[in-house]
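Engineer: I would like to see how this sequence folds:
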Amino acid sequence: MSGYEVLELGSPGEWFANGKRFADREISTQYIGMSANSFAIGQEAPAWHTHSGLEELYVFLDGRGQMGLDDDVVDVGPGTVVRVGQNVWRTWRALPESPGELRWLCIRAGAGELKGLPRDSEVDTERPKPW
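Structural biologist: Model (predicted):
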């Protein structure tokens, strides 16, 4: 096996066709992962979540939205990059007045191999949203 691998994701529009796509489930990654995500105008995450072993980098590409980060709310849009460390609760939404879908990439990394780490999350469906 070689030290590299190529995955053709197609055009960016195809990345977001089903709301979420994990590129790292389609290519053999070891320490880093990436998902392409989209929310329709006004859509929000069903719950908060946090990770004990992952650090995530959210790169917003289109639309307008907000992220809830512990007790803070951050406005996001094209060009916004948000780093979220371990044990920080997060949720997000596309604003009702967003000019289009909220689209972002989530790049995940951990201190070890990622195979076990995506399962390190905790979900809180009872925590009220900050907006």
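Engineer: Bridge partners for Asp72, pull those for me.
Structural biologist: When bridges are called by DSSP bridges, Asp72 pairs up with Leu69.
Engineer: where's it relative to Lys129, distance?
Structural biologist: Asp72 sits 13 Å away from Lys129, going by Cβ to Cβ, to the nearest Å. C-beta here means a position set from N, CA and C on the backbone, and glycine is covered the same way.
Engineer: Quick check: mean pLDDT of stretch 46-57?
Structural biologist: Rounded to a whole number, the mean pLDDT of stretch 46-57 is 93.
Engineer: buried sites along that stretch?
Structural biologist: Within stretch 46-57, the residues that qualify as buried are 48, 50-51, 53-54, 56, counting by 16 or more other Cβ atoms under 10 Å.
Engineer: Asp72 and Lys129: which is more packed in?
Structural biologist: Shown here are Asp72 and Lys129; by other Cβ atoms under 10 Å, Lys129 has more neighbours (14 against 9).
Engineer: So that one sits against Gly68, correct?
Structural biologist: Yes. The pair Lys129 and Gly68 passes the contact test of Cβ atoms under 8 Å, sitting 6.5 Å apart.
Engineer: Setting aside sequence neighbours, what's the nearest residue to the residue nearest in space to the middle of the chain?
Structural biologist: Against the mean C-alpha coordinate of the chain, by Cα atoms, centre = their mean, the closest residue is Cys106 at 3.7 Å. With Cβ to Cβ, 6 or more residues apart in numbering as the criterion, Cys106 has its nearest non-adjacent residue at 4.8 Å, and that residue is Ser35.
Engineer: The host helix or strand of the one you found - contacts with which helices or strands?
Structural biologist: Under the criterion DSSP states H and E, the helix or strand holding Ser35 is strand 32-39. With contacts defined as 3 or more Cβ pairs under 8 Å, 6 or more residues apart in numbering; DSSP states H and E, strand 32-39 has these neighbours: strand 20-22, strand 90-94, strand 102-110.
Engineer: looking at those, which one has the lowest mean pLDDT?
Structural biologist: For the helices and strands packed on strand 32-39, mean pLDDT drops lowest on strand 20-22, to a mean of 82.
Engineer: quick one on the thing from earlier: how close does the residue nearest to Cys106 sit to Pro96?
Structural biologist: Ser35 sits at a distance of 24 Å from Pro96 (criterion: Cβ to Cβ).
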